[in-house]
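Undergrad: sequence plus predicted model, see below.
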Amino acid sequence: MLTRKQYDLLVHIDKTLRKTGVSPSFDEMKDALGLKSKSGIHRLITGLEERGFIRRLPHRARALEVLRLPENIEASGAKVKPGKSGKSGFAPNVIKGNFKLPGAATAAQTDAVQLPLYGRIAAGTPIEALRDHSQTTDIPGSMVGKGEHFALEVDGDSMIDAGIFDGDTVVIKRADTADNGSIVVALIEDDNEVTLKRLRRKGASVALEPANKDYETRIFGPDQVKVQGCLVGLLRKY
């Protein structure tokens with residue numbers, strides 16, 4: 001089922017493509033839907049793509065293609081058909097199928113386990129300082145294995161190209177080491193800052209890479225970064 005925002009964005013993209021031949025920019029989509037940040041548009045685009053309504057064309061800027069429209073939208077003009085009452089309005093079409101992301105899960109799955117939730121306040125604070133377990137969240141049991149785990153609510157859009165968006169909940173396995181290229185929770189000791197980034201090692205240097213071209217990779221010495229956990233799962237609410 002499409003949410004109202006997904007429905008409105010799909011209509012806006014389709015109308016713009018028909019009128020100009022070019023898909024709207026993220027800023028234009030944000031303004032059209034009255035959203036405050038582009039991270040919300042990223043989430044809506046991903047949701048439409050997962051459900052098979054649009055696709056992103058590779059190696060082309062602002063390249064979106066509408067693959068299909070809900071049955072209650074007329075392809076000729078993207079108009080909403082009148083409902084049974086005779087009045088036009090929002091009537092989302094239910095699309096049957098399994099749209100679950102690999103490695104992701106919904107919060108409503110059964111056999112849930114409770115994990116401590118270190119929220120957005122985790123940014124700028126060592127994880128050790130937050131281990132009061134006063135907040136918890138339910139996580140599907142299949143997402144965690146042996147070892148100690150905790151959850152974090154993502155704040156910001158620095159990892160959107162890795163499929164991690166603002167407001168997502170990430171499941172972290174506590175660890176003090178990580179494979180090269182892993183997404184980790186890292187403590188930058190000089191700044192007393194905790195961040196979620198991809199870890200790269202080269203020689204004696206440690207790089208924390210964002211997954212967003214608008215952010216820069218940060219390089220540190222081997223003693224400046226402490227791994228506090230590795231990403232093992234993600235939950236998203238639509």
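TA: That came through, no problem. Numbering: from 1, shown residues only.
Undergrad: next structured bit after the least confident helix or strand in the chain by mean pLDDT?
TA: Within the chain, no helix or strand scores below strand 104-105, which has a mean of 47 by mean pLDDT, DSSP states H and E. Toward the C-terminal end, the helix or strand that comes next after strand 104-105 (DSSP states H and E) is strand 112-118.
Undergrad: would you mind listing the buried residues in the helix or strand following that next one?
TA: Counting by DSSP H and E, the next helix or strand C-terminal to strand 112-118 is strand 136-140. Neighbour-count burial for strand 136-140 flags Thr137, Asp138, Ile139, Pro140 (criterion: 16 or more other CB atoms under 10 Å). All C-beta spots, glycine's among them, are computed from the backbone N, C-alpha and C.
Undergrad: run through who's touching stretch 141-157.
TA: 37-39, 42, 105, 109, 111-113, 115-120, 122-123, 127, 137, 139, 164-175, 185, 196, 212, 229, 232-233 (CB atoms under 8 Å, 6 or more residues apart in numbering).
Undergrad: pull out the buried residues from these.
TA: The neighbour count (16+ other CB under 10 Å) marks 38-39, 42, 105, 112, 115-118, 122-123, 127, 137, 139, 164-166, 168-173, 175, 185, 196, 212, 229, 232-233 as buried among those.
Undergrad: on that earlier part again, nearest to Arg55 among the buried residues of strand 136-140?
TA: The nearest member of those to Arg55, counting by CB to CB, is Pro140 at 28.4 Å.
Undergrad: once you drop chain neighbours, what's closest to Ser158?
TA: Leaving aside its sequence neighbours, Ser158 sits nearest to Pro210 (CB to CB, 6 or more residues apart in numbering; 4.2 Å).
Undergrad: in contact with that neighbour, which residues?
TA: Pro210 is in contact with Ser158, Met159, Lys197, Arg198, Glu216, Thr217, counting by CB under 8 Å, 6+ apart.
Undergrad: surely Asp223 is in a helix?
TA: No: assignment of Asp223 by DSSP: H, G, I helix; E, B strand; the rest coil gives coil, placing it outside any helix.
Undergrad: so what pLDDT did it get?
TA: Note for Asp223: predicted pLDDT of 89.
Undergrad: could you do the one 10 residues further on as well?
TA: At Gly233, the model reports a pLDDT of 90.
Undergrad: is it in a helix, a strand, or coil?
TA: Under three-state DSSP, Gly233 falls in the strand class.
Undergrad: do Asp8 as well
TA: With three-state DSSP as the basis, Asp8 sits in helix.
Undergrad: so who does the closest residue to it other than its chain neighbours touch?
TA: With sequence-adjacent residues excluded and distances taken as CB to CB, 6+ apart, Asp8 is closest to Leu33, at 5.9 Å. By CB under 8 Å, 6+ apart, the residues touching Leu33 are Lys5, Asp8, Leu9, His12, Gly40, Ile41, Leu44.
Undergrad: the fourth one and Ser23 touch, don't they?
TA: Spelled out, it's His12. No: if you go by CB atoms under 8 Å, His12 and Ser23 don't touch, sitting 9.8 Å apart.
Undergrad: which of the two has more residues huddled nearby?
TA: Ser23 (23 against 17; other CB atoms under 10 Å).
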